[in-house]
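Visitor: Predicted model, plus sequence, below.
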Amino acid sequence: MTYEQRIIKHLLDIDAVQIKPDRSFTWTSGIKSPIYCDNRLTMSYPEVRKLITTGFMNKLVDIKEELDGISGCATAGIPHAAWLSSELDLPMSYVRGSAKKHGKENQIEGVIKPGDRIVVIEDLISTGGSVIETIRAIEAVGATVVKVLAIFSYGLKKADEAFEAVNSRYETLANFDQLIQYLLDEGKITKVEHQDLQNWRDTLS
């Protein structure tokens, strides 16, 4: 079993990812969806979160000596950023969706200095909008986002275009295409359902 298959199996086993080919999930946007993803559940499963941290570390092997910090997207990216920064012995921070309305009105919690090279951690990439705001907040203090890492992605073209627009890139530990292929290989969906799931995702792109 590949690493991606192990991640997918774990996400399915703990219901962090759920699939209903009849599209009976309803997103906040009103979209009828065959998939629901809640990677926050991974916090409660040590084996799963360790596997995720190892996956993130493996994607940073070639650049870890050049990094100055790990930053999590609030809120779901925060715990994974903490575990990763601890393993790499690097400073950790997190970025709110918007600045606080009281106190010091911080958007960034922790320390990010001008010139720092930062890796951003998120749990899920859909259209990329929330992560792009994190990137902009970090760049506003004069730091550079070297890479964004996430647990899962729907593989939407909108996300790719959003990251290209800010001259950034992302990698995930698993994605929608790998998920539905795994489900097909395991006999959990039919070929017709596999194609329907593919078509649904492509309509969102």
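Guide: Okay, I see it.

Visitor: show me the contacts for residue 194.
Guide: Contacts for residue 194 (Cβ atoms under 8 Å, 6 or more residues apart in numbering) come out as 180-181, 183-184. Backbone N, C-alpha and C define where each C-beta goes, glycine included.

Visitor: How about residue 35?
Guide: Contacts of residue 35 by Cβ under 8 Å, 6+ apart are 17-20, 25, 154, 176, 179, 197.

Visitor: Please identify the buried residues of the strand or helix carrying residue 163?
Guide: Secondary structure assigned from DSSP states H and E places residue 163 in helix 157-165. Buried residues in helix 157-165, counted by 16 or more other Cβ atoms under 10 Å: 159-160, 162-163.

Visitor: who's in contact with that helix?
Guide: 125-129, 132, 148, 153, 169-170, 204-205.

Visitor: Stretch 83-99 now?
Guide: Against stretch 83-99 from outside (Cβ under 8 Å, 6+ apart): 49, 52-53, 56-57, 60, 64, 67-74, 77-78, 81-82, 105-112, 118-121, 130, 133-134, 137-138.

Visitor: Repeat that for stretch 126-143.
Guide: 68, 71, 73, 95, 97, 107-108, 112-118, 120, 122, 125, 144-145, 148, 150, 153-154, 156, 158-159, 162-163, 165-166, 168, 170.

Visitor: Nearest residue to the middle of the protein?
Guide: Taking Cα atoms, centre = their mean, the centroid of the chain lies closest to residue 150, which sits 2.5 Å from it.

Visitor: which residues touch that residue?
Guide: 77, 121-125, 131, 170-173.

Visitor: re the thing from before, next secondary structure after the helix holding residue 163?
Guide: Following helix 157-165 in sequence order, the next helix or strand is strand 170-175 (DSSP H and E).

Visitor: Buried residues, that next one. List them.
Guide: For strand 170-175, a neighbour-count test (16+ other Cβ under 10 Å) marks 170, 172-175 as buried.

Visitor: which of these sit farthest apart?
Guide: 170 and 174 (13.1 Å; Cβ to Cβ).

Visitor: OK, contacts around the residue lying closest to residue 120 once chain neighbours are set aside?
Guide: Excluding the flanking residues, the one nearest residue 120 by Cβ to Cβ, 6 or more residues apart in numbering is residue 148, at 4.6 Å. Contact analysis of residue 148 by Cβ under 8 Å, 6+ apart lists 119-122, 125, 131, 135, 163, 168-171.

Visitor: List just the nearest of these to residue 37.
Guide: Proximity of the contacts of residue 148 to residue 37 (Cβ to Cβ) peaks at residue 125, which lies at 10.2 Å.
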